[in-house]
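**Q** Here's a sequence, model it:
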Amino acid sequence: MKLSIPTLAAALCMSVHTTAFTTTPGSLTQSIIASRSSTLLRAAELKAEPEGGDELTKASSSLPDSRMKNMGPDDEEGVFNFWLSAKADGNQVKRLRAQTEKEASSKANFPGFRKGQIPPYALPQIITFAVQEAIIKTCEESLEAYGLESLKGSAGEVTVNEDIKDICKGYKAGTDVAFTASYKGKFDAAVQATLAPPAEESPAEDVVVDVEVVAEDVEVVAE
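**A** Sure, this is the predicted structure:
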């Protein structure tokens, strides 16, 4: 399913102020690399939490309701597969929607409407746009939250498993957006070192000292 984010951005005469997404058939993917571009999304089917994996310890206080699992190593040395469960902050979605509507009021140019006027049919797209932006930012925050490093280029793609269009149907402003995602990455060695538990000292072993008692002949002198 294709979401018409680029059409909305073009109608509003604005660019997408986020990192770039790339697309694969049947999935929503994102490269966590800095850029500014229009965005084309394909939403994947909802997937259940994968079995197995090791739960990661958080490295910061961000994303309080999130979880991250290490699903095992990838083919490339030092690269692992991660599964994320998180919530995009509802207040952030609200702010992004307000920002988009503000820019639209001064730049929008929809056919059949005066310049700067947002037609009713564009409002669902604006909501989708805001939700999408919030999810992107949350994925980026997850790297710092769990002490991870992103990969460059297409290797750093993130697959979001939720159907964005369904999430946005009846979306209530200000509510958090729960989603799950999977991506490949590396552990940040410096951060992970601070999370490692201190090495336990080995308990002192009981030292057995063999004492040889030498009996000496004692001469008893009768008085």
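**Q** For Val131, which three-state class applies?
**A** helix (DSSP: H, G, I helix; E, B strand; the rest coil).
**Q** Please enumerate residues in contact with stretch 183-193?
**A** Contacts of stretch 183-193 with the rest of the structure, by C-beta atoms under 8 Å, 6 or more residues apart in numbering, involve 32, 59, 74, 78-82, 84, 139, 143, 147-151, 155-159. Every residue, glycine included, has its C-beta placed from N, CA and C.
**Q** Out of these, which end up buried?
**A** Neighbour counting with 16 or more other C-beta atoms under 10 Å marks 32, 59, 74, 80-82, 84, 139, 143, 147-151, 156-159 as buried within the contacts of stretch 183-193.
**Q** Tell me which of the contacts of stretch 183-193 fall in helices.
**A** Members of these lying in helices (criterion: DSSP state H): Cys139, Leu143.
**Q** now, which of the contacts of stretch 183-193 lie within strands?
**A** Phe80, Asn81, Phe82, Leu84, Leu148, Glu149, Ser150, Glu157, Val158, Thr159 (DSSP state E).
**Q** By residue count, what's the longest strand in this structure?
**A** Under DSSP E, the chain gives strand 177-187 as its longest strand.
**Q** That one: which residues count as buried?
**A** So, applying 16+ other C-beta under 10 Å, buried residues of strand 177-187: Val177, Phe179, Thr180, Ala181, Ser182, Tyr183, Lys184, Gly185, Lys186, Phe187.
**Q** What average pLDDT does it get?
**A** If you average the pLDDT over strand 177-187, you get 93.
**Q** do the same with stretch 92-103
**A** 91.
**Q** Contacts only, for Gly52.
**A** Met71, Gly72.
**Q** actually Ala134, not the one I typed
**A** Ala88, Asp89, Gln92, Val93, Leu96, Val177.
**Q** quick one, phi/psi of it?
**A** In this entry, Ala134 is assigned phi and psi values of phi -70, psi -40 (degrees, to the nearest 10).
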